[in-house]
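A.B. asks: Sequence plus the predicted model coming up.
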Amino acid sequence: MHCSKMCVDIHLKVMTLGKHAVSGICATANLPAPEQPSQKKENAEPVVTPWEVQGKVDYDKLIEKFGCTKIDNSLIDKLREIIKCEPHILIRRGIVFSHRDLDALLKTVNGTSSGKEFYLYTGRGPSSESMHLGHLVPFTFTLWLQKKFGVPLVIQITDDEKFLFKGKIDQDDMERISIENIKDIIAMGFDPKKTFIFRNYDYLGRMYRIVSKIQKSITASQARNCFGFKMEDNIGMWAFPSIQAAPCFSDAFPGVLLPERGEGTTQSKEPETPENASILQRITDYFGLSEKKNQTSPKASKKSHKKKEKKTENIPCLIPCAIDQDPYFRLTRDIAPRLGYRKPALIHAVFLPSLSGPETKMSGSVEGSCIYLTDTDADIKRKINKYAFTGGGQTMLDHLEKGGHADIDVPLQWLRFFLPWDYDLSRFPGCTATEASESPGLEADSWERLRWGYITGRLTSATLKAILIEIVQKTVREHREARALVTDEIVREFMRVRPIRD
């Protein structure tokens, strides 16, 4: 993870690329390990793994390949009934498009939002000091879920994953990068009373019991079949999936989602010990054991050991993530019943494409591919005008006659993610209500009006870029202002082990 996988007509004709879980352990897709650029073949099938996304993704085929379920109108209606309002724009526009057992999870909610029915789990795999717009998408949807259902949220920062899989990142640098990314996440506006953020390097010891259970349940052969690991890969890579799987189970969070294991301890004033006291007395006094001596007889102690340990609560988990993270959780769902846990539910989003083209996922390592949350208004305008791939006609006359190619126009695809549902477009030519009314049913959604104007030639690529610059500048500016208020003390509080359930 680490982080990074929450219908109406999905508009697959307007194909976008858009990314936090595999059905039957041995029958899962054989996912190749990351390749070097020189190894990639031209005209190859699309590659969708937790480490790499390349090629034009057919999301219908991906649903079939992964064994997920498409979000249909009946599920959207059920969600609308529970939350008493319209679902998030990402659902209505088909960006959040598939799921695993979301329908079953919603049945447990029963129309309430007490915060006790399930918890959310998502994550981030830090690789740069600032997150980019592609990272913003799953966190935006996760924030909406937390607000609508009033549920607790755990966010895993997979600082170990980047060290194991990337190989070029120093552990000390990773700690600094992780904290910067955590500040970006906090600035989104998550509820501090119901949100726990943890770094694997810090927290692993507390959830290692669950990690080791998962590791014991998965053979090397199963891991290789699911993730395409090779014998020359380091053993940390083979073991990592169990670490990303562990937060799917509430037992991984004693003192956060569940009570602390065993009896709680209380701090007391250190007793005064005579200078001539024995070593044993000094030790028992220091740990406050003297007054407890002989209070419990050996018989009573023996009897207490015979008592069966009380079974902990098994809280359902929902994982909003991008579709490329699905392999981690398909495998987790396969082993969950054998470990006595519920299968986690998932809700998937498509990928936000790279600025430079619709067939690659946004990547911070590629110049001109992305917009960072630290970019200035001038940076955003320059990048969109310079790098954004468009689908307009070769000449203005050609565009007016034939219209633009909506499926490859990156500004139009980005607006699908970020344009508000009822954004005022009257200032832009080709977007007036009169023109939109010529295509019935498009008046409500601002993005549909843009799409219609573009494919009919009324809207030019330059106009789409201008609208996108305005929207992105506002989004990044608001996040930058919120992030400026996030102090190191606030970060420590979000990362402090404490109860986050009502």
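C.D. replies: Sure thing, it's come through.

A.B. asks: Can you tell me the SS state at Leu346?
C.D. replies: strand (DSSP: H, G, I helix; E, B strand; the rest coil).

A.B. asks: How many neighbouring residues does it have?
C.D. replies: Using other C-beta atoms under 10 Å, Leu346 has 32 other residues around it. C-beta here means a position set from N, CA and C on the backbone, and glycine is covered the same way.

A.B. asks: ok, now Pro138?
C.D. replies: 30.

A.B. asks: shaky segments in the protein?
C.D. replies: Low-confidence segments of the chain, defined by pLDDT under 70: 1-44, 46-56, 110-116, 167, 262-277, 279-313, 361, 363-367, 430-443.

A.B. asks: Which parts of it belong to which domain?
C.D. replies: 46-259+313-355, 366-483 (automatic domain parsing).

A.B. asks: In JSON lines, list the ones you listed along with distance to Glu493.
C.D. replies: Listed next are those as JSON lines, based on distance: least, C-beta to C-beta, whole Å:
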{"stretch": "domain 46-259+313-355", "distance to Glu493": "7"}
{"stretch": "domain 366-483", "distance to Glu493": "16"}
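
A.B. asks: Arg498: which of those domains is closest?
C.D. replies: Closest of these to Arg498 is domain 46-259+313-355, at 6.9 Å (criterion: C-beta to C-beta).

A.B. asks: isn't Ile467 right up against Asp424?
C.D. replies: No - counting by C-beta atoms under 8 Å, Ile467 stays clear of Asp424, with 10.8 Å between them.

A.B. asks: So if I had to pick from those two, which one is more boxed in?
C.D. replies: A direct count of neighbours by other C-beta under 10 Å for Ile467 and Asp424 places Ile467 higher, at 23 against 9.

A.B. asks: residue contacts, that one?
C.D. replies: Pro411, Leu415, Leu419, Leu425, Phe428, Leu450 (C-beta atoms under 8 Å, 6 or more residues apart in numbering).

A.B. asks: and it, what are its phi and psi?
C.D. replies: phi -70, psi -40 (degrees, to the nearest 10).

A.B. asks: what's the distance between it and Ala388?
C.D. replies: Computed as C-beta to C-beta, to the nearest Å, the Ile467 to Ala388 distance reads 12 Å.

A.B. asks: Give the residues shared as contacts by the two.
C.D. replies: In contact with both Ile467 and Ala388: Pro411, using C-beta under 8 Å, 6+ apart.

A.B. asks: related to what we said a few turns ago, out of the domains of the chain, which comes closest to Val497?
C.D. replies: domain 46-259+313-355 (4.9 Å).

A.B. asks: all strands of the chain, in order?
C.D. replies: 47-48, 53-54, 69-70, 96-100, 119-124, 153-157, 195-199, 317-322, 345-349, 353-354, 357-361 (DSSP state E).

A.B. asks: With distance to Cys226 as extra columns, can I get these in a markdown table?
C.D. replies: Output for those, formatted as a markdown table (distance: least, C-beta to C-beta, whole Å):
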| stretch | distance to Cys226 |
| --- | --- |
| strand 47-48 | 13 |
| strand 53-54 | 17 |
| strand 69-70 | 20 |
| strand 96-100 | 15 |
| strand 119-124 | 18 |
| strand 153-157 | 19 |
| strand 195-199 | 25 |
| strand 317-322 | 16 |
| strand 345-349 | 15 |
| strand 353-354 | 26 |
| strand 357-361 | 21 |
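
A.B. asks: In contact with the residue nearest to Met207 when sequence neighbours are not counted: list those residues for me.
C.D. replies: Once flanking residues are discounted, Met207 sits nearest to Ala252: 3.8 Å by C-beta to C-beta, 6 or more residues apart in numbering. Applying C-beta under 8 Å, 6+ apart to Ala252 gives the contacts Arg206, Met207, Ile210, Val211, Ala246.

A.B. asks: Also Phe417?
C.D. replies: Gly18, Leu90, Ile95, Val137, Leu352.

A.B. asks: Now rank the contacts of Ala252 by neighbours and give me the top one.
C.D. replies: Ala246 (26 neighbours).

A.B. asks: Quick check: it touching Arg209?
C.D. replies: No - contact criterion C-beta under 8 Å: Ala246 and Arg209 do not qualify, at 9.0 Å.
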